[in-house]
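> Sequence first, predicted model second:
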Amino acid sequence: MPPPAITVGVLALQGGVVEHIALLHRASSSYPSITFHFLEVRTPEQLSLCDALVIPGGESTTMAIVARRLGLFEPLREFVKINHKPVWGTCAGLVMLAEEASATKQGGQELIGGLDVRVLRNKFGTQVQSFVADLNLEFLGDGEGPFRGVFIRAPVVEEVINGDGKVRVLGTVKKPGEEEDIVAVRQGNVFGTSFHPELTGDVRVHAWWLGNVVEALSQSVKGEDLVIRSGKSVTEQT
Ligand SMILES: NC(=O)CC[C@H](N)C(=O)O
């Protein structure tokens, strides 16, 4: 049985917060029997009210500094890695959810972790090299055609660093003349995208993720046991 009410937080230290909340509101209409509350999260107390969390795009270095100052790092790690609550990171949010990152700022930067991957920050260059690409996101399973991926100083998943097959590749992009890059991954309760669905007006990824949140809370199982609706494991792919 799905819970009658679900609180979804959006980490609101910096970055694309209102855009996510707007699309989450729209996506929630796909689940009319459930009351959703969407909460901007800036404190450990607010985080403790959440059943699931979105970490938006923005600038991961800034987010990390602010999260540290506000005493949010340990509560965030507990939320993601001990309580296994559903979490989705977009762009800078994906960086924050990686266990390792390369091309970090000098001296490194603090990460929450949860995804056994190393991300490469700013893979495609600076702001002016931002681009849009049609992505084939099979996990949406809707047959409604490609999803417009918006990439802004985007990271990619450079390597899966724990080869036990729990990291599932859900999306890739291939720029002309370049090799294919991994831009969407999932490991149990943690989902990450290099691109920004909240900037497209296309509600499909938000609706899919909210569906997973509902499913996870209905089953109230640990992250590792969540039903993976689709997506091949990395080992299956190679
Ligand atoms: N649009 C974005 O979120 C950019 C992410 C940024 N390059 C970072 O590493 O934090």
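Alright, I've got the coordinates. Numbers count the residues shown, from 1 in each chain.
> so what's Ala22 closest to, chain neighbours aside?
Once flanking residues are discounted, Ala22 sits nearest to Glu198: 7.6 Å by Cβ to Cβ, 6 or more residues apart in numbering. All C-beta spots, glycine's among them, are computed from the backbone N, C-alpha and C.
> Enumerate every residue touching the closest residue to Pro146 other than its chain neighbours.
Closest residue to Pro146 apart from its sequence neighbours, by Cβ to Cβ, 6+ apart: Asp134 at 3.7 Å. Taking Cβ atoms under 8 Å, 6 or more residues apart in numbering, we find Asp134 in contact with 146-149.
> Give me the buried subset of those residues.
In these, burial by neighbour count holds for 147-149, counting by 16 or more other Cβ atoms under 10 Å.
> Filter those down to the ones in strands?
147-149 (DSSP state E).
> Columns pLDDT on top of those residues, output as CSV?
Output for these, formatted as CSV (pLDDT from 0 to 100):
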residue, pLDDT
Phe147, 97
Arg148, 97
Gly149, 97
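> Out of those, which comes closest to the ligand?
Nearest to the ligand out of those is Gly149 (Cβ to the nearest ligand atom; 12.1 Å).
> Distance-wise, check the closest one relative to Ser194.
For Gly149, the distance to Ser194 equals 8 Å [Cβ to Cβ, to the nearest Å].
> Over to Gly114?
According to Cβ to Cβ, Gly114 and Ser194 sit 16 Å apart.
> again with Val41
Counting by Cβ to Cβ, the gap from Val41 to Ser194 is 22 Å.
> With neighbour numbers in mind, choose between those two.
Taking neighbours as other Cβ atoms under 10 Å, Val41 and Ser194 compare with Ser194 leading, 32 against 27.
> Give me the pLDDT value at the more buried one.
On pLDDT, Ser194 comes in at 98.
> Just give the nearest non-adjacent residue to it, would you?
That would be Val183: by Cβ to Cβ, 6+ apart, it lies 3.9 Å from Ser194.
> low-confidence ranges in the protein?
Low-confidence segments of the chain, defined by pLDDT under 70: 220-238.
> need the residues of it near the ligand, please.
Contacts of the chain with the ligand, taken as Cβ under 6 Å from any ligand atom, map to 57-60, 91-92, 95, 121-122, 152-153, 155.
> Endpoints of stretch 22-35, how far apart?
End-to-end distance of stretch 22-35 (Cα to Cα, to the nearest Å): 15 Å.
> Please renumber the chain so that the first residue is 25 from this point on.
Renumbered: residue one is now 25, and that last one reads stretch 46-59.
> and Ser72, backbone torsions?
Ser72 has phi and psi values of phi -70, psi -20 when expressed as degrees, to the nearest 10.
> Also Gly40?
The phi/psi pair for Gly40 (degrees, to the nearest 10) is phi -80, psi 70.
> Kindly provide the distance from the residue lying closest to it once chain neighbours are set aside to Leu35.
In space, and not counting its chain neighbours, Gly40 is closest to Pro80: 4.4 Å by Cβ to Cβ, 6+ apart. Computed as Cβ to Cβ, the Pro80 to Leu35 distance reads 7 Å.
> ok, now Gln153?
26 Å.
> Have a look at the two and say which one is more surrounded.
A count of neighbours by other Cβ under 10 Å puts Leu35 above the other of Gln153 and Leu35, at 30 against 13.
> residues near Leu96, how many?
23.
> What segments of this protein are strands?
Using DSSP E, the strands found in the chain span residues 29-35, 59-65, 76-79, 111-114, 122-126, 139-144, 155-159, 171-175, 180-184, 192-197, 205-211, 214-217, 256-257.
> Any idea how many residues pack against Ala116?
Using other Cβ under 10 Å, Ala116 has 27 neighbouring residues.
> which of the residues of the chain next to the ligand are buried?
Among the residues of the chain next to the ligand, the ones that count as buried by 16+ other Cβ under 10 Å are 81-84, 115-116, 119, 145, 176-177, 179.
> Sweet, I'm off.
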